[in-house]
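*Asks:* one predicted model, sequence on top.
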Amino acid sequence: MATKKTFEQSMERLNIIVDLLEKNEQPLDETIKLFEEGLGLVQECDKQLKGFEKKIDELASKKVEE
Amino acid sequence: MATKKTFEQSMERLNIIVDLLEKNEQPLDETIKLFEEGLGLVQECDKQLKGFEKKIDELASKKVEE
Amino acid sequence: MATKKTFEQSMERLNIIVDLLEKNEQPLDETIKLFEEGLGLVQECDKQLKGFEKKIDELASKKVEE
Amino acid sequence: MATKKTFEQSMERLNIIVDLLEKNEQPLDETIKLFEEGLGLVQECDKQLKGFEKKIDELASKKVEE
Amino acid sequence: MATKKTFEQSMERLNIIVDLLEKNEQPLDETIKLFEEGLGLVQECDKQLKGFEKKIDELASKKVEE
Amino acid sequence: MATKKTFEQSMERLNIIVDLLEKNEQPLDETIKLFEEGLGLVQECDKQLKGFEKKIDELASKKVEE
Amino acid sequence: MSQAVVKVSTLVSYLKSKIDQDNYLQRILVSGEISNFVHHRSGHWYFTLKDEASRLSCVMFSSSASRSKYYPKDGDKVILQANTSVFESSGQLQLYVTGIKLDGIGDLHIQFELLKKKLFEEGYFDENHKLEIPKYPMRIGLITGKNTAAREDVVSTLARRWPIADLVEINTLVQGEAASAQIIQAIGKMEKEEVDVLLLVRGGGSIEDLWAFNDEALAKCIYHCTIPIITGVGHEIDTTIVDYVSDLRAPTPTGACEIATPDQEDVKQNLALLKQALIKQCRSDVEFERAQVNRFKNMTWFISPGTLVDQRKMKLDYISNRLQIVSYSSQKKRIELEQVSQNFKSLVSKKLHQVGLEVQTKAQFINQNVMQRFDRENKKLGSMIHLLDAYSPLNVLKRGYSITSNSKGICTSVKQVQVGDELTVRLTDGELITKVNRKESRHGN
């Protein structure tokens, strides 16, 4: 699910989730769902970002090789 | 009965029960019934919270493994 | 007879008996009868309360065991 | 004869007797008869009272045993 | 004859006799008859009173015994 | 892709890309795409610039022919 | 005089160095009239340049003089390109001429001004019409004379600055009557060649030499040309009609090439900078996002999610404790019950006690009442006995009286008795039974 989101959409959703968790007014089931979703998004974002970081490093270092 | 309730519904019912017990206007039989129901709800809620914690731990540990 | 009454009905009847005794208008035989009835009710109520307490203890201890 | 009377009837009769004696208008024979009757009633009442006390004690102690 | 009289009747007759004797207007034999009658009445009354006393004592003591 | 662009278009596009990145208004995914494209353009341009030695030889010979 | 005294050579040498160092005095353009012209056998030209007020001696060395298309004569009004210096031997200020041309308005000059004015008015010099020069031309057209210095300048400049570009060359006449037609034709070919920019260059020369570039047809052709054209005709001082109509005018052929091309070193540097900017920008963007992600990663919820439950746990514990109030409920009921129970027991025993007292009181009353009654009756009877005794007819017997009676009763008269009758005489302590012996009547009765 989260994989189809762009990084920004994921981050935006994460902000909403964190706000909701902070307010902690939603029912327990909802909290679980939010937590799960939030965790997934964090992982997804982290993964994406790591991919980006790797890609940048690769591309930047490519210059040296040539 | 209580298993079909959400945590919040159970808590709401618990609040009503405690209020009734505090007012202490109901007959004794009713008091016992309320107490029994309340105790059941407390156990149910406790179970739900423990389940939630377990699930969260699972999710969190899963996160670490990845 | 008293066993079919609820605690509250018994208490109500007991209060009526006390009122009657306080007015002191009934003949002595009647007083004795009222005394006998009242005593029966007191015992009945006591029994019920003890049962109630026992049940509450049972329920409470059951909770702890789980 | 007096045993068939209730305590209150006995007391009522006793009151009449006391009144009659107080007025002091009846012939001596009558006085004697009233005296005799009155005394009998007193004994009867006394007996009844003792019976009641005994009964109350019995009932009250019965409660304790239970 | 006198025994059939009540204590009160006897006492009344005695009063009349005493009055007659005081006036002393009747012939001697009449006076003597009256006097003798008076004596008889006195004895009768005394007897009655004694009888009553005995009876009261008996009743009173009877009460005590019981 | 970049090869079909003229050097000038590539440079222009590169400048636009750098401007866009500096403004930093695009989502991260877009940033990465822009980065990739920009780097491609840099390499392409670089390649063209480096290719001049070969070309100057050709030119030199061409000149001689005329 | 305390000032130092210098030698004249020292002063002159100092002056020369001062002037030589002054950039304003180098490569200047000066106008004036030629006089005292001498063509030395060494090839150098010596003359004086004068105007109404001043004069300066000039020298034009053979290297420059030999290239000049113009041959000066006294009285000519000229414009010189020259460096100023001091000739040390004579201490004279001298112009070292590098270029010379006729000044003054001749026929050609008039034609030039007329054409310029006409084309200007017709809008051929309109700035808005000028095409933009591409920054990075990859195909550069060059129209110039064959084997000219101008061509060499362009080619060498191009090789130095922008060797990437293809050079498309068309050599034409650049002087004489046929030149402008050839150039027009060349421009047409260049349009077909689809070059990015076109250089039209020629070295310096007299107005006559450059006249081909003042051609109206050529000017219109340049105006209509779809390729941006840069002109570099003559030297800085030379201006032709094509310079006005072209999209950009360079002072020299080299200048034209420089304008038309970027310096490859600049481009390389620029490219490196762009690449750095790209990487830097992208890195900072990613770093920013990394900080955001790490912020989320480090949030309490995700590190210790238990906090999400804690609040609820506390609530549950609290409410669970409050449930224990139920035992208070039974306590309260018990107290209530005991109160009622005690209440009614004490009421009953009170009642019994009260009733017992009543019975006792009544019993006592009855006893007392009856006893009193007896007392009273006893006393009454006692007084009766007393009275009876007091009035007893038998009391006189004690004093000696007696009562006589016969069978008929008490005898109160002797007449009632017959002799012989038996009479009973009653005395106080007994009776006498007597017989009448005789009778005696008393008188008076």
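*Replies:* Arrived safely. All of these numbers come straight from a predicted model, not from anything done at the bench.
*Asks:* scan the chain for its longest helix.
*Replies:* Chain wasn't specified; assuming chain A. When chain A is parsed with DSSP state H, its longest helix is helix A:28-65.
*Asks:* my question was about chain G
*Replies:* Ranked by residue count and defined by DSSP H, the top helix of chain G is helix G:325-390.
*Asks:* and the angle for it with helix C:28-65?
*Replies:* In terms of direction (axes from the mean of the first three to the mean of the last three Cα atoms, to 10 degrees), helix G:325-390 departs from helix C:28-65 by 160 degrees.
*Asks:* tell me the contacts of whichever residue of chain A sits closest to chain E?
*Replies:* Distances between chain A and chain E by Cβ to the nearest Cβ are smallest at residue A:28, namely 81.9 Å. C-beta here means a position set from N, CA and C on the backbone, and glycine is covered the same way. Neighbour list for residue A:28: B:6, B:7, B:8, B:48, B:49, B:52, G:312 [criterion: Cβ atoms under 8 Å, 6 or more residues apart in numbering or on different chains].
*Asks:* find the nearest non-adjacent residue to the fifth one, please.
*Replies:* Yep, that's residue B:49 we're talking about. residue G:309 (5.4 Å; Cβ to Cβ, 6 or more residues apart in numbering or on different chains).
*Asks:* OK, contacts around the one you found?
*Replies:* Neighbouring residues of residue G:309 by Cβ under 8 Å, 6+ apart: B:49, B:52, B:53, B:56.
*Asks:* now do residue G:277
*Replies:* Counted by Cβ under 8 Å, 6+ apart, residue G:277 has contacts F:18, F:21, F:22.
*Asks:* do residue G:439 as well
*Replies:* Counting by Cβ under 8 Å, 6+ apart, residue G:439 has contacts G:414, G:417, G:418, G:419.
*Asks:* so who does the second one touch?
*Replies:* In other words, residue G:417. G:406, G:411, G:423, G:436, G:439.
*Asks:* just the ones of these in strands?
*Replies:* G:406, G:423 (DSSP state E).
*Asks:* of the contacts of residue G:417, buried ones?
*Replies:* G:411, G:423, G:436 (16 or more other Cβ atoms under 10 Å in any protein chain shown).
*Asks:* which one of those residues is nearest residue G:270?
*Replies:* residue G:411 (198.0 Å; Cβ to Cβ).
*Asks:* what about whichever strand or helix holds residue G:259, average pLDDT?
*Replies:* Here residue G:259 is covered by helix G:253-260, with elements defined by DSSP states H and E. Per-residue pLDDT over helix G:253-260 has a mean of 92.
*Asks:* list the buried residues of the next helix or strand after it.
*Replies:* Per DSSP H and E, helix G:253-260 leads on to helix G:264-297 as the next helix or strand towards the C-terminus. Using 16+ other Cβ under 10 Å as the test for burial, helix G:264-297 gives G:264, G:267, G:270-271, G:274-275, G:277-279, G:281-283, G:285-286, G:289-290, G:292-293, G:296-297.
*Asks:* confirm that residue G:156 sits in a helix.
*Replies:* Yes: assessed by DSSP: H, G, I helix; E, B strand; the rest coil, residue G:156 belongs to a helix.
*Asks:* buried by neighbour count, from the contacts of residue G:439: which ones?
*Replies:* When the contacts of residue G:439 are checked for burial by 16+ other Cβ under 10 Å, the buried set is residue G:417.
*Asks:* with the contacts of residue G:439 in mind, which one is nearest to chain C?
*Replies:* Of these, the one sitting nearest to chain C (Cβ to the nearest Cβ) turns out to be residue G:417, at 80.4 Å.
*Asks:* in what element of secondary structure is residue G:59 found?
*Replies:* Judged by DSSP H and E, residue G:59 forms part of strand G:55-60.
*Asks:* ok, and what's touching that strand?
*Replies:* G:30, G:32, G:35, G:44-50, G:68, G:80, G:82, G:87, G:92-98, G:100.
*Asks:* just give me how far the longest helix of chain A sits from the chain centre.
*Replies:* The chain centroid and the centroid of helix A:28-65 are separated by 6 Å under Cα atoms, centre = their mean, to the nearest Å.
*Asks:* pull out the buried positions in that helix.
*Replies:* A:28, A:31-32, A:34-35, A:37-46, A:48-49, A:52-53, A:55-56, A:59-60.
*Asks:* ditto for stretch G:8-24
*Replies:* G:12, G:16, G:19.
*Asks:* that older thread, Three-state assignment for the residue nearest to residue B:49, please.
*Replies:* helix.
*Asks:* relative to chain F, how far out is it?
*Replies:* According to Cβ to the nearest Cβ, to the nearest Å, residue G:309 and chain F sit 33 Å apart.
*Asks:* now pLDDT too, for the contacts of residue G:309, in JSON lines please.
*Replies:* Supplementary listing: the contacts of residue G:309 in JSON lines, determined by pLDDT from 0 to 100:
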{"residue": "B:49", "pLDDT": "88"}
{"residue": "B:52", "pLDDT": "85"}
{"residue": "B:53", "pLDDT": "85"}
{"residue": "B:56", "pLDDT": "81"}
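*Asks:* report the contact partners of residue 36.
*Replies:* Reading this off chain A. B:55, B:59.
*Asks:* wait, I meant chain G there
*Replies:* When contacts are taken as Cβ under 8 Å, 6+ apart, residue G:36 is in contact with G:46, G:47, G:48, G:74.
*Asks:* least confident of those?
*Replies:* Ranked by pLDDT, the contacts of residue G:36 bottom out at residue G:74 (87).
*Asks:* three-state assignment of that residue?
*Replies:* Of the three states, residue G:74 takes coil under three-state DSSP.
*Asks:* isn't it right next to residue G:34, touching?
*Replies:* Yes: Residue G:74 is within contact range of residue G:34, at 5.6 Å (criterion: Cβ atoms under 8 Å).
*Asks:* need the overlap of contacts for those two.
*Replies:* Contacts common to residue G:74 and residue G:34, judged by Cβ under 8 Å, 6+ apart, are residue G:47.
*Asks:* out of these two, which sits in the busier spot?
*Replies:* residue G:34 (21 against 11; other Cβ atoms under 10 Å in any protein chain shown).
*Asks:* any weak-confidence spans in the stretch 1-150 of chain G?
*Replies:* G:1-2, G:104-107 (pLDDT under 70).
*Asks:* again, only using 50
*Replies:* Applying pLDDT under 50 to the stretch 1-150 of chain G flags no residue at all.
*Asks:* residue in it nearest to chain E?
*Replies:* Taking Cβ to the nearest Cβ, the stretch 1-150 of chain G has residue G:135 as its residue nearest chain E, at 145.2 Å.
*Asks:* quick one: secondary structure of that residue?
*Replies:* Assignment for residue G:135 (three-state DSSP): coil.
*Asks:* brilliant, that's me finished.
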